[in-house]
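Asks: just to be clear, the model below is a prediction. Sequence and coordinates:
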Amino acid sequence: MKLVGKRIEKDRSGHVTVRPEDDEDMWHLYNLIQDGDRVRAAGIRRIQNVSATGSVDSKRVRLHLTLAVTRITWAPSTAPGADSGSSTANGAPNGAPAATATVEVAGRVAEENQHVKLGAFHTLDIEANKDVRIEKEAGGWDSVALGRVEESCVPGRGAEVAAIVCGEGTAIFCLLSEHMTVVLQRLEVPIPRKISSQSSAHEKGLARFYQSLFASFLRHVPYSSPSLRAIVVASPGWVRDGVFDFIMAEASRTSNKALLTARNKFIKVHVNSPHVHSLVEALKSPEIASQMKETKFAREGMMLDKFFKMLASDEMRAWYGPDHVALARDRGAIGTLLISDELFRSSDPALRKKFVGIVEDVKQKGGEVLIFSSMHESGQQLNQLTGIAAILTFPLDVEVVEAEEREAKEEEERRKAEEEGIAA
């Protein structure tokens, strides 16, 4: 995403103008825009003109509108259907695919336009490579929102890991970037069972599967992209070995130099099931962890795994839930905060302010903050656990802390009652 303009006042009001380019940029916009913001972007509206004779002339007009946002919706890109056609031409696909995810912003027109009345309802479909201006009132541009703007506008960002999760006759193609896991295609090719009388049918089905997988690989995986660090081939059993050997054999047969050069990017990993959620398991494997340790999503996966292990072995240092994490924050006990970006999309400003305050306090006290993306499997797992968790630097008993809080609250109520009695 390109940062076109930015002006933030001391009271954290102001505006930011950005230009989204791909699906991940659309996801950032969805997380930046909130109810009550003003958004200015290009849109199309049907205009009707009535002539003096009573005839109605209708036409579609492209114009720029400013909306006071009342609703924002996100629709992820749809994965293409399975295709078992012939192989595409040699060479890698473009490293920066066009945006196919959509963000819709609905609200009332906040600035008068010659074609649209003030206060009229309209829905803007945010378009890729078109400027979008986001205005927020005082306090709107908090540290989390500004951090997302800075993170999304880092140049050279893109998919860092491509993954093929394979099974017997099945394959799922995915691209993983810092904030998204995009399922590009689900491939299914029936393979007859291998029995003594029909071994040739099994081999023919396996050959069709490999050919379809290789064609899909060339179409979807940007293997020559400099930003792509690894190509993970994961499967139960030994399917991954056959897939990797076939890809390399076809690269040699067709003299695909770019693919042969990318051979060292391939990593074969064992997983327990041929499904997308196995990516979390694959990313925790030592082979990938050593290469991906600097990436955001790999760090998130490792820390979430550490949290679950600690929850089982040392539960006094593994707290979760908004109220409990807030108590741990008050005692300066949080070493690592795990929080989902879904919590910052709350329509209640007070609730968002509460979570932003926890993030800022943990950072000020030297703790680590990991904001998980709901578009990654690790973020979805964290959402199932209330969306917020913490690994503490020292053990705290939840029951003892809650008892202390109740005593402090009762003492405060008694003190207030005494003061009111004296005043009376």
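Replies: Done, it's in.
Asks: got the confidence number for His202?
Replies: pLDDT, His202: 81.
Asks: now do Asn90
Replies: Asn90 is given a pLDDT of 40.
Asks: for stretch 104-118, what is the distance to the chain centroid?
Replies: A distance of 30 Å separates the centroid of the chain from that of stretch 104-118, by CA atoms, centre = their mean, to the nearest Å.
Asks: how long is it end to end?
Replies: 20 Å (CA to CA, to the nearest Å).
Asks: which parts of that stretch are buried?
Replies: Within stretch 104-118, the residues scored as buried using 16 or more other CB atoms under 10 Å are Val105, Gly107, Val109, Ala110, Asn113, Val116. Bear in mind the C-beta positions are built from the backbone N, C-alpha and C, glycine included.
Asks: and for that stretch, what's in contact with it?
Replies: 33, 38-41, 45, 47, 61, 63, 65-73, 75, 119-126 (CB atoms under 8 Å, 6 or more residues apart in numbering).
Asks: of those residues, just the buried ones, ChimeraX syntax please.
Replies: Restricted to buried positions by 16+ other CB under 10 Å, the ChimeraX selection for the contacts of stretch 104-118 reads:
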select :33,38,39,40,41,45,65,66,67,68,69,72,122,124,126
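Asks: hang on, the earlier thing: lowest-confidence one in the buried residues of stretch 104-118?
Replies: Asn113 (81).
Asks: return the member of the buried residues of stretch 104-118 nearest to Phe344.
Replies: Within the buried residues of stretch 104-118, the smallest distance to Phe344 is 17.3 Å, found for Val105 (CB to CB).
Asks: so what are the sheet partners of the helix or strand harbouring that closest one and their directions?
Replies: Assigned by DSSP states H and E, Val105 belongs to strand 102-109. Strand 102-109 sits in its sheet next to strand 56-75 (antiparallel), strand 121-125 (antiparallel), going by DSSP bridges.
Asks: can you tell me what sits against the next helix or strand after the shortest one?
Replies: Next along the chain after strand 121-125, taking DSSP H and E as the criterion, comes strand 132-136. With contacts defined as CB under 8 Å, 6+ apart, strand 132-136 is touched by 5, 12-20, 29, 32-34, 37-41, 66, 126, 145.
Asks: inside strands: which ones of the residues you listed?
Replies: Using DSSP state E, the subset of the contacts of strand 132-136 located in strands is Gly5, Gly14, His15, Val16, Thr17, Val18, Arg19, Arg38, Val39, Arg40, Ala41, Thr66.
Asks: run a quick neighbour tally on Ser143.
Replies: By other CB atoms under 10 Å, the residues close to Ser143 number 14.
Asks: residues touching it, list them.
Replies: Val356, Val359, Glu360.
Asks: returning to that earlier point: determine which two of the buried residues of stretch 104-118 are furthest apart.
Replies: Most distant of those, by CB to CB, are Val105 and Asn113, 15.9 Å apart.
Asks: may I see the buried residues of stretch 219-237?
Replies: 219-225, 228-236.
Asks: and that stretch, how far out from the chain middle?
Replies: Distance, centroid of stretch 219-237 to centroid of chain: 19 Å (CA atoms, centre = their mean).
Asks: end to end, how far does that stretch reach?
Replies: End to end - CA to CA - stretch 219-237 spans 26 Å.
Asks: so where is the stretch 101-250 of the chain shaky, pLDDT-wise?
Replies: 155-158, 196-199 (pLDDT under 70).
Asks: for it, what spans make up the strands?
Replies: Assigned by DSSP state E, counting those that start in this stretch, the stretch 101-250 of the chain shows strands spanning 102-109, 121-125, 132-136, 161-167, 170-176, 181-188, 230-235.
Asks: of all these, which one is nearest Lys416?
Replies: Here strand 132-136 is closest among the strands of the stretch 101-250 of the chain (CB to CB), at 36.8 Å.
Asks: so what strands line up beside the closest one?
Replies: strand 14-19 (antiparallel), strand 38-50 (antiparallel).
Asks: would you mind saying which of these lies nearest Lys306?
Replies: strand 14-19 (34.4 Å).
Asks: list of residues touching the closest one?
Replies: 1-8, 25, 29, 32, 129-136, 141, 149, 152-153.
Asks: could you rerun that using 10 Å?
Replies: With CB atoms under 10 Å, 6 or more residues apart in numbering as the test, strand 14-19 has contacts from 1-9, 25, 28-29, 32, 37-41, 128-138, 140-141, 145-146, 149, 152-153.
Asks: now find how far off-centre it is within its chain.
Replies: Distance of strand 14-19 from its chain centroid, counting by CA atoms, centre = their mean, is 21 Å.
Asks: as TSV, the strands paired with strand 102-109 with distance to Glu188 would be great.
Replies: Converted to TSV, these look like this (distance: least, CB to CB, whole Å):
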stretch	distance to Glu188
strand 56-75	24
strand 121-125	32
